[in-house]
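[1] Provided below for reference: sequence and predicted model.
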There are 4 protein chains.
Amino acid sequence: MTEGLDLDAILTEIAGDMAREEDRGKVADYIPGLAGVDPRHFGIAVVLADGTMHVAGDADVPFSIQSISKVFALTIALGKVGDQLWRRVGHEPSGSAFNSIVQLEAEHGIPRNPFINAGAIVVSDVILGGSRPTEAVGEILRFTRHLASDEGIRIDEDVAQGEKETGFRNMALANYMRAFGNLDHAAEDVLQVYFHQCALSMTCRQLAMAGRYLMAGGAHPDTGHNVVSALRARRINALMMMCGHYDGSGEFSFRVGMPGKSGVGGGILAVVPGVASLAVWSPGLNDRGNSQLGALALQQLAVATGWSVLNPR
Amino acid sequence: MTEGLDLDAILTEIAGDMAREEDRGKVADYIPGLAGVDPRHFGIAVVLADGTMHVAGDADVPFSIQSISKVFALTIALGKVGDQLWRRVGHEPSGSAFNSIVQLEAEHGIPRNPFINAGAIVVSDVILGGSRPTEAVGEILRFTRHLASDEGIRIDEDVAQGEKETGFRNMALANYMRAFGNLDHAAEDVLQVYFHQCALSMTCRQLAMAGRYLMAGGAHPDTGHNVVSALRARRINALMMMCGHYDGSGEFSFRVGMPGKSGVGGGILAVVPGVASLAVWSPGLNDRGNSQLGALALQQLAVATGWSVLNPR
Amino acid sequence: MTEGLDLDAILTEIAGDMAREEDRGKVADYIPGLAGVDPRHFGIAVVLADGTMHVAGDADVPFSIQSISKVFALTIALGKVGDQLWRRVGHEPSGSAFNSIVQLEAEHGIPRNPFINAGAIVVSDVILGGSRPTEAVGEILRFTRHLASDEGIRIDEDVAQGEKETGFRNMALANYMRAFGNLDHAAEDVLQVYFHQCALSMTCRQLAMAGRYLMAGGAHPDTGHNVVSALRARRINALMMMCGHYDGSGEFSFRVGMPGKSGVGGGILAVVPGVASLAVWSPGLNDRGNSQLGALALQQLAVATGWSVLNPR
Amino acid sequence: MTEGLDLDAILTEIAGDMAREEDRGKVADYIPGLAGVDPRHFGIAVVLADGTMHVAGDADVPFSIQSISKVFALTIALGKVGDQLWRRVGHEPSGSAFNSIVQLEAEHGIPRNPFINAGAIVVSDVILGGSRPTEAVGEILRFTRHLASDEGIRIDEDVAQGEKETGFRNMALANYMRAFGNLDHAAEDVLQVYFHQCALSMTCRQLAMAGRYLMAGGAHPDTGHNVVSALRARRINALMMMCGHYDGSGEFSFRVGMPGKSGVGGGILAVVPGVASLAVWSPGLNDRGNSQLGALALQQLAVATGWSVLNPR
């Protein structure tokens, strides 16, 4: 699916088009560490199955990946407890955003999926296991560096602290699940893990690299070893497809048609199994909390390349 | 993706496995015309991109396709009003089943997507247009016959009448949307179209044939003409992927990983773009109203063939 | 509690104050027959336990009593089926207005109380019994005339027809309950009864007269016979107190402290057991659909007379 | 309303009837300090406006008043910030119990009323003011002793600690409101106040004494000074009437017809303004979390005395 494509030209054109866009959405401002980011940034990076990397724009500027980290955390948790995880968190889309705590109540503390906040908090609880929070955070960092084959990835402590100071809603969710018996550790400890994981700071290039195992049926391209089995990689892709953009997941599937996961830092990781791992970043968000230009750029890329998983292959 | 596959052997094995399954789910009993169906039926049919047909089990026994008809009706409505349809119906998963009328209230009479009942009723309202109900029903029947290249497809009038007699919930939804100004015609007329569309009676073979345009990027294999554009075909596939199994859509994506649409008659239409159009039927339903053995058979098929759209291609 | 009170002076002062109010709320406009009413109207009528009538303002101008009729309809239905009614409708406040159809879904078609629309439709279904709609409407009209000892009360057919033409939401509620098995008759027939009952046209004087049995422990002051038992009268008063003003019931209790029932025509019937039956009317509604000046006038009256049931007696 | 009543005989008969009841409900077991209480207890105490005290059963056995304390806490908070309190908490019934966190979300962190947990937590936040939690707890204890003119009232520290250890849901509510800006202090501090207030241990006799100001139009019978104004006393009574029994408030009003407040310790405080202050206790709860025999005893008392505020006076 990549023969005859001049991917560098396509990415350069997309970056140019995005630079001219005036409606860039609104930068998240509820965390001090995110609020100061310049909305004019745009970066994109694509790793193909043959290992070649193609970039345009600010592909080497680090940004806060926020909820995109939930993909990596889910992968770790599945490695720890396997399919038993699905007793504690579902794999259905959540409907609309405002429903999160409603559904948590109606469904007795079982979050809808691992990509809404409540579900990601359960995943953090699993990763915490018998460790101390700092150890669990270290494990997540090491795992992400391993996925991307890049030791330069770090956690932005300012962002992590900023979340701790304003994360009352997440504290509410954690305590609420604890009331239902679906949290094993103290809410403070679990959220320490969760907030640090969300504060992972990565470039588009690093993020696209980290996503390669989902392109490659679960295998790590640099080692050939499986990060996860092919079946589990397919299922993680399914979760990204169904639930990766909160209540904008249907819109993303409709417009782009790839499994993808967005974060309020303005990043999106998307995967075309067998073909490419993609990362895009533009800080301004649309009204559903997903990167406005990020989605637009991927939509344009999907048309130019025909890479939607819902197209004939 | 079909080289080296002995599809006939795979289908025969699946049909044999399904015949031995004891937990077959529960046949829908709220419509007299459905209640009497023998739960031991199982049929499967696969049309490949090269036009070859492979079947096993009761692939030539007609059944009531029910909500699967919403795919064909959506296709007709998009042909009539184009993307203006999306002003009246969304394209997001609906969350959980019990939410349907809740969300309709919260979102001012705009159904979440065209595959929940409320959304399909809006689609019927669009198809009705300036016609009489019987004319609109005729149009849907002719269109489905055209898709399948099969003049033998018919509507089961007993089933259609059975729905009219017990369809109070659909009458409620229709009137509720009319209260919000999102229904142009009298509820009775719209539901007459809707109930007849749901009463389409088809075999697995006919249904797989009718789904070919979604496998083929919108083109009708027998004429080469576009039923819809490639982009629209991709989007219909996206809607099937995200919303095709009500609040079991995430589960179907997780287990099978294909765009699919189920009906309470026990049928499922699934599509692997570029590869195959599949129809499966077993009347017993799981607790989310989707064919229990149908989903199991497709899960087995996905593993045997690797056809999930979320696998490397 | 009436000794030493110059009630005529109090009512005249209230009427004068209300005439000077500029913020009069908004006249209901969803029914043609209501939309044209002059918002400057204000009337009040008080019948004391000794039978004396005191009025001020437009106490003899008829208006559409709308939901106030639900009190009289409930009284008839209790006479027909007794406490078995409470198997089909609850007696709890409904929370907020927008919840109505939500709760109907969560509680399997059992409306929260007989004063929300869904509950009143169940009551109409009970009254309809084995009769034809026109007979049931006649029974309600005769009963209301009997309560008020006034043969001049009539039903405004224009208002009744206006509701039929726009009552899609009520049609939705009726069909929804029918889907749950909580409606015995065809929705059209039940709503014919319901719409005509709501179209009762009465003056403040007539309405205060009709409410006397709830002041008098269930007895009809003109005959001495019981309309209902003392216990049932107390319970109807309890329902008016808890649920008489939709999601403004708490506010009305907080400010006025009397059992009362409002209607979107701008009327309120209130009762001080043992002391007085009161009716007030001003067409403009507040944002919860209750008469803005009506509630204000009763609040002023409660302070001037000390008649709240929550004051020391 | 008390002339000719042999109240002692009535109470003795009620206590006897209650002793013979076999279906006594279920003792709350989520707090260790409550779980061990013997379900055979029953006590009742009535103080009349003339100051006479009438008791039967275990009227001198202390029990945990739990949510009944919300009435006294509300009274303190109104004294501190007056009607500004109503900007932070509403005065409408909450609908059904499971709605609490739903409505908190829909209504942007403003609890429905001060008697649901979320509302009472806001009240605790107001009482905390600039003090330390232990000072605020001391203030509540002193105020309650003052109301009852009884220095023997104390707080059960075991019960307070037990709530702290299992109060994840309250921690969730507090953090959730903090996310909406409707909590000024740290959740831990506010809940320390709240948990200690709920752990007030009182006898029926003490509780009936403490409720006298609500019987007496706001005045303290022993001093003649106003605890609150007459208008405010009436409004607190209105809140008890509308919201005092969670989603069983309508049922209590329907059956008993007095302002009342229940607690999960099995106590109920009820008031007949101008007539009596009543306390009843039996530890077993009905399915809505209100004392099963307590409500039954008050229903019997209401019939025997005619004291419902919804009866003719």
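    Everything's here; your move.
[2] Which single residue of chain A ends up nearest chain C?
    The minimum distance from chain A to chain C, using C-beta to the nearest C-beta, falls at A:Ala106 (8.9 Å). Every residue, glycine included, has its C-beta placed from N, CA and C.
[3] Which of the three states applies to A:Lys70?
    helix (DSSP: H, G, I helix; E, B strand; the rest coil).
[4] excluding its backbone neighbours, what's nearest A:Thr2?
    Sequence neighbours aside, A:Leu48 is the residue nearest to A:Thr2 in space, at 5.8 Å (criterion: C-beta to C-beta, 6 or more residues apart in numbering or on different chains).
[5] So that neighbour sits against A:His54, correct?
    Yes: contact criterion C-beta atoms under 8 Å: A:Leu48 and A:His54 qualify, at 7.4 Å.
[6] hey, what's in contact with both of these two?
    A:Leu7 (C-beta atoms under 8 Å, 6 or more residues apart in numbering or on different chains).
[7] how about A:Ala45, what does it touch?
    Listed by C-beta under 8 Å, 6+ apart, the contact partners of A:Ala45 are A:Met53, A:His54, A:Val55, A:Ala59, A:Thr203, A:Cys204, A:Arg205, A:Leu207, A:Ala208, A:Leu278, A:Ala279, A:Val280.
[8] Can you tell me the SS state at it?
    Following three-state DSSP, we place A:Ala45 in the strand state.
[9] How about A:Ala304?
    helix.
[10] Near A:Glu157, how many residues? Count them for me, please.
    Residues contacting A:Glu157 under the criterion other C-beta atoms under 10 Å in any protein chain shown number 12.
[11] Kindly report the same for A:Asn182.
    The tally of other residues near A:Asn182 (other C-beta under 10 Å) stands at 21.
[12] was I right about it contacting A:Ile110?
    Yes: in this structure, A:Asn182 is within contact of A:Ile110 by C-beta under 8 Å, at 6.4 Å.
[13] overlap in contacts of those two?
    A:Arg88.
[14] Could you measure from the residue lying closest to A:Ile44 once chain neighbours are set aside over to chain B?
    Leaving aside its chain neighbours, A:Ile44 sits nearest to A:Val280 (4.7 Å; criterion: C-beta to C-beta, 6+ apart). In this structure, A:Val280 and chain B are 19 Å apart, going by C-beta to the nearest C-beta, to the nearest Å.
[15] bridging residues for A:Val280?
    A:Ile44, A:Ile268 (DSSP bridges).
[16] And the residue nearest the centre of chain A?
    By C-alpha atoms, centre = their mean, chain A has its centre lying nearest to A:Ile68, at 1.6 Å.
[17] can you tell me which residues contact the closest residue to that residue other than its chain neighbours?
    In space, A:Ile68 comes closest to A:Gly263 once its chain neighbours are excluded; the distance is 4.3 Å by C-beta to C-beta, 6+ apart. Listed by C-beta under 8 Å, 6+ apart, the contact set of A:Gly263 reads A:Ser64, A:Ile65, A:Gln66, A:Ser67, A:Ile68, A:Ser69, A:Cys198.
[18] can we see that at 7 Å?
    A:Ile65, A:Gln66, A:Ser67, A:Ile68 (C-beta atoms under 7 Å, 6 or more residues apart in numbering or on different chains).
[19] Could you export the residues you listed as JSON lines, including pLDDT and secondary structure?
    Listed next are the contacts of A:Gly263 as JSON lines, based on pLDDT from 0 to 100; DSSP: H, G, I helix; E, B strand; the rest coil:
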{"residue": "A:Ile65", "pLDDT": "98", "secondary structure": "coil"}
{"residue": "A:Gln66", "pLDDT": "96", "secondary structure": "helix"}
{"residue": "A:Ser67", "pLDDT": "96", "secondary structure": "helix"}
{"residue": "A:Ile68", "pLDDT": "98", "secondary structure": "helix"}
